[in-house]
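> quick one: sequence plus predicted model below, questions after.
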Amino acid sequence: MLEILHRIVQEVNAAPDLGEALKLIVQRVKQAIKADVCSVYLTDFDRREHVLLATEGLRQEAVGKVSLPMHRGLVGLVCERAEPVNLDDATEHPRYLFIHATGETQYRGFLGVPIIQNRKVLGVLVVRQVQSRKFDDNEVTFLFTLAAQLAGAITYARASGELTQLQPTRSPLNRYLSGQPSAPGVVTGKAVVAYQLADLDAVPYRTTENIQSEVTAFKEAVAMTRQELKSLKERLSTELPVEEQALFDALLLMLGSDALVSQTVERIEQGQWAQSALRHTIEIHARVFDNMDDVYLRERASDIRDLGRRILMHLQLDKPREIHYPEKTILVGDDISAVQLAEVPTERLAAIVSAKGSSSSHVAILARAMGAPAVMGVTDLPVGRLEGLEIIVDGYRGRVYVSPDPSVSDEYARLAKEEAEISRDLEAMKGLKAETTDGVTVPLYLNTGLISDVMTVGLEESEGVGLHRTELLYIVRDRFPGEEVQVESYQQMLSSFAPRPVILRTLDIGGDKPLPYFPFVESNPFLGWRGVRISLDHPEIFLTQIRAMIRANIGLNNLQIMLPMISKVSEVDELQMLIQRAHDELLEENYDVVMPPVGVMIEVPSAVYQIDEIARRVDFLSVGTNDLTQYLLAVDRNNPRVAAIFDDMHPAVLRALVQIVEGAAIYRRPVSVCGELAGNPLAAVLLLGMGVDSLSMSAGSLLKIKWVIRSYSRARAKSLLQAALRMTDARQVRELMEKSLDEMGLGGLVRPGK
Ligand code: PEP
Ligand code: MG
């Protein structure tokens, strides 16, 4: 059974469209289970009915025509219960409905399994038998697994419009892919796929006009691969047994075979670029072997794919990627990295859509800094098929429209116009103070460092830098940066803002920020070797950084140092001793240095509970709400599967913040918030109510938060905070604040349009 299941899953994955996938499933399932009928019903939520979309056993003419009203019949029952219904004689069940138009006789045996995606029942997979028959457990789980497989395909088909041919009534505004709203704004643009090199599956479909040069490049890549395999074979001839050497012969034979080369060339001549033409050919050949019964032969599929990867590598190496970025580039990818993002010319980047990650991933933070709308964690994103397509990104609601219907484009063009009006309102905030209506000033600082050149508004509009992440300096190199390189980089930061303060955070690698040249593998990286834990184990790395920071401060005197990921009081003591040591050594070396203020990030729950002990030891505190939320709620900030549970407006997070402010007050230490919460217009009011001393955020949020602060009084913010603290979940808190912002005429800051 497992074998058959595996095969069907592969076939379904390879099906060109949903219609074919459904047909395949009903045929194969009917055969495998030896049932008399297998059908798929999909729910049309607009018309509130379950439509028969594929069948093997019932009348084909009924497909697409016969439907059951929602909540009727046994199909309705499966949807309501969201679990299988397995009956040996369905005709006796009170919900049994006899439908004439499908040409059905009285089928007794019935098994219906729901097709579920993201908690939503999309349809039902049904098998039926003329005789009474109770399906066994194996058969139920078999159907279950296939239904899960179908769910992803259905979600995509629904979003891409493929389903419209089958369900023509669905409103185009309801056809979108969903992800995490990760950076606000709405925008229409053209997709450019970011992908990993040497990964055949990641190559996007793309057309070419330079057919001749693509053919030549491909043939050269084949020749180079042949050469490479030959020398590999020669080199290994003394070490490998004869049967293993035969593998090279087989690969060389395949390379020489007309099929592989000529079929790829044919595809290029039809207009595909060499890389996707190769991917296409390799996949077709590999699939032939995938479907073989013999285990040995099936293994050959991976040899073919390996061969494909080798050719691809030469193709990609040979030609450095020349990507054409259209004026409004929507960067889409499976797992977009900060470096891929940095490759897009800033003025052309319109939005970001990523299948992996969530709103608190660093790429999303970067998007907010750049003012580009972003949707992360779009799990059904068909990355390879999106190149060059028109896409609308709604960063407020986490929606992505692929090749949108004109009515959708019109609606979004209207919203974009309203957005532009809001931007003009925001411009009016420039140069004004962030002061409440009752005269409380809340200094706004800038978060920098994830990318070097995104200080567009921030430079003039902020009171300084509240968080400079230093990781980038380390990530873009092939080794640890030396002291001099670091001095130069920090000096640039400090002097751009002097005399305003700049808080440089010490290295916070680990978690989702590995260094390519300092690899280590952990099963739970966010709970592992991260931030100051690495600094304490490798004082040489830490001391080099601190020396560079202190030296960069000479003559400027606006440096403050901040320590990330503090989870124990002793870490603060030990790190401060190291900082003192670096300072003293520099003095001994005759540098004219001063000891800068030192603060810590509060982003681990243990630090919240020892806030007074920590506050006593340092000059300032800054709350990293991204990590604090992750650790308080036990939700990985990068995992799209649990992204909906990650909510930094959770009342538990608010209570922790209150506790931090109160604890710091005992020793009169200032508290700032530098996590993403500070740049969220809904939350800024609550932070104001708590008495947080300052806020630090991405450049894209500065003017928005200034507008919010200038619209509220501290007294009003306090009473909203009291109401929020009495609530039990984040949704209520959001609703409270959305309503309040609406009343203040600020609703346009948190949703599309005005
Ligand atoms: C945080 O955790 O809130 C924070 C500001 O730091 P980072 O996002 O770099 O982990
Ligand atoms: Mg953090």
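Received, thanks. Please read these numbers as outputs of a predicted model, since none were measured by experiment. Ligands and ions are numbered 1, 2, ... in the order given.
> quickly list the domain ranges of the protein.
2-166, 177-195+324-405, 200-317, 470-596, 611-746 (automatic domain parsing).
> least reliable of the ones you listed going by mean pLDDT?
Looking over those, mean pLDDT reaches its minimum on domain 200-317, with a mean of 81.
> next, the residue of the stretch 251-400 of the chain found nearest ligand 1: secondary structure please.
Residue nearest to ligand 1 within the stretch 251-400 of the chain (Cβ to the nearest ligand atom): Ile365, separated by 6.2 Å. Every residue, glycine included, has its C-beta placed from N, CA and C. The local conformation at Ile365, judged by DSSP: H, G, I helix; E, B strand; the rest coil, is helix.
> what residues does the protein have near ligand 1?
Taking Cβ under 6 Å from any ligand atom as the criterion, the neighbours of ligand 1 within the chain are 467, 469, 508, 603, 624-627, 674-675.
> so which bits of the chain are right by ligand 2?
Taking Cβ under 5 Å from the ion as the test, the list of the chain residues beside ligand 2 reads 603, 624, 627.
> which elements pack onto the helix or strand where the last one lies?
This points to Asp627. Using DSSP states H and E, Asp627 falls within helix 625-633. Of the remaining helices and strands, those touching helix 625-633 by 3 or more Cβ pairs under 8 Å, 6 or more residues apart in numbering; DSSP states H and E are helix 605-609, helix 651-666.
> and these: which comes nearest Pro564?
Closest of the helices and strands packed on helix 625-633 to Pro564 is helix 605-609, at 10.9 Å (criterion: Cβ to Cβ).
> could you look up the SS state of the residue in the stretch 301-450 of the chain positioned nearest to ligand 2?
Here the stretch 301-450 of the chain gets closest to ligand 2 at one residue, Ser360, 9.3 Å apart by Cβ to the ion. Of the three states, Ser360 takes coil according to three-state DSSP.
> where's the closest residue to it other than its chain neighbours, which helix or strand?
Here the nearest residue to Ser360 in space, its sequence neighbours aside, is Arg637; by Cβ to Cβ, 6 or more residues apart in numbering that works out to 4.0 Å. For Arg637, there is no helix or strand it lies in under DSSP H and E.
> what number of residues lie near Arg637?
Using other Cβ atoms under 10 Å, Arg637 has 25 other residues around it.
> report the contact partners of it.
By Cβ atoms under 8 Å, 6 or more residues apart in numbering, the contact list for Arg637 reads 358, 360-361, 512, 526, 626-627, 629-630, 646.
> need these in JSON lines with distance to Ser407 and neighbour count, can you?
Formatted as JSON lines, the contacts of Arg637 follow (distance: Cβ to Cβ, whole Å; neighbours: other Cβ atoms under 10 Å):
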{"residue": "Ser358", "distance to Ser407": "31", "neighbour count": "24"}
{"residue": "Ser360", "distance to Ser407": "34", "neighbour count": "26"}
{"residue": "Ser361", "distance to Ser407": "33", "neighbour count": "27"}
{"residue": "Asp512", "distance to Ser407": "39", "neighbour count": "16"}
{"residue": "Phe526", "distance to Ser407": "43", "neighbour count": "17"}
{"residue": "Asn626", "distance to Ser407": "38", "neighbour count": "22"}
{"residue": "Asp627", "distance to Ser407": "42", "neighbour count": "24"}
{"residue": "Thr629", "distance to Ser407": "38", "neighbour count": "25"}
{"residue": "Gln630", "distance to Ser407": "40", "neighbour count": "24"}
{"residue": "Phe646", "distance to Ser407": "33", "neighbour count": "23"}
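> secondary structure class for the residue in the stretch 51-200 of the chain that ligand 1 sits nearest to?
With Cβ to the nearest ligand atom as the measure, the residue in the stretch 51-200 of the chain that lies nearest ligand 1 is Ser182; the distance is 13.3 Å. When the structure is split into helix, strand and coil by three-state DSSP, Ser182 lands in strand.
> gap between it and ligand 2?
In this view, Ser182 and ligand 2 are 17 Å apart by Cβ to the ion, to the nearest Å.
> again, but for Val673
Using Cβ to the ion, one gets 12 Å for the distance from Val673 to ligand 2.
> grab the nearest non-local neighbour of that residue.
Val623 (4.7 Å).
> repeat for Tyr490
Setting aside the residues directly before and after it, Tyr490 is nearest to Ala552 in space (Cβ to Cβ, 6+ apart), at 3.6 Å.
> how many neighbours does that neighbour have?
Other residues near Ala552 come to 23 when the count uses other Cβ under 10 Å.
> what do you get for Asp647?
Neighbourhood size, Asp647 [other Cβ under 10 Å]: 19.
> can you pull the contacts of it?
For Asp647, the residues meeting the contact criterion (Cβ under 8 Å, 6+ apart) are 629, 633, 653, 730.
> which helix runs longest in this structure?
helix 211-236 (DSSP state H).
> what are the buried residues along it?
Of the residues in helix 211-236, those buried by neighbour count under the rule 16 or more other Cβ atoms under 10 Å are 211, 214-215, 217-218, 221-222, 224-226, 229, 233.
> over to stretch 404-419?
404, 408-409, 411-412, 415-416, 419.
> dump the residues of the chain next to ligand 2 to TSV, plus distance to Asp380.
What follows is those, written out as TSV (distance: Cβ to Cβ, whole Å):
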residue	distance to Asp380
Glu603	32
Gly624	31
Asp627	28
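> excluding its backbone neighbours, what's nearest the residue nearest the centre of the chain?
For the chain, the residue nearest the mean C-alpha position is Gly357 (2.6 Å; Cα atoms, centre = their mean). Beyond its immediate neighbours in the sequence, the residue positioned closest to Gly357 (Cβ to Cβ, 6+ apart) is Met376, lying 4.4 Å away.
> residues contacting the nearest residue to Glu269 once chain neighbours are set aside?
Taking Cβ to Cβ, 6+ apart, and ignoring the residues beside it in sequence, Glu269 has Ile211 as its nearest neighbour in space, at 5.9 Å. Contacts for Ile211 were tallied using Cβ under 8 Å, 6+ apart; they are 268-269, 271.
> about what we covered before: by neighbours, which of the residues of the chain next to ligand 1 wins?
Gly675 (30 neighbours).
> relative to Ser407, how far out is that one?
According to Cβ to Cβ, to the nearest Å, Gly675 and Ser407 sit 39 Å apart.
> before we move on, what about Leu472?
Going from Leu472 to Ser407 by Cβ to Cβ gives 42 Å.
> ok, now Leu24?
Computed with Cβ to Cβ, the distance linking Leu24 and Ser407 is 33 Å.
> same question for Val685.
Taking Cβ to Cβ as the criterion, Val685 is separated from Ser407 by 36 Å.
> again, but for Arg751
Using Cβ to Cβ, one obtains 20 Å as the distance from Arg751 to Ser407.
> what does Glu327 give?
From Glu327 over to Ser407 the distance is 24 Å, taken as Cβ to Cβ.
> other SSEs contacting the helix or strand hosting Arg716?
In this structure, Arg716 is located in helix 714-725 according to DSSP H and E. Counting contacts by 3+ Cβ pairs under 8 Å, 6+ apart, the secondary-structure elements packed against helix 714-725 are helix 651-666, helix 681-690, helix 730-743.
> the helices in the stretch 451-600 of the chain, which residues?
Assignment of helices within the stretch 451-600 of the chain using DSSP state H, counting those that start in this stretch yields the ranges 458-461, 471-475, 483-497, 532-537, 539-552, 569-588.
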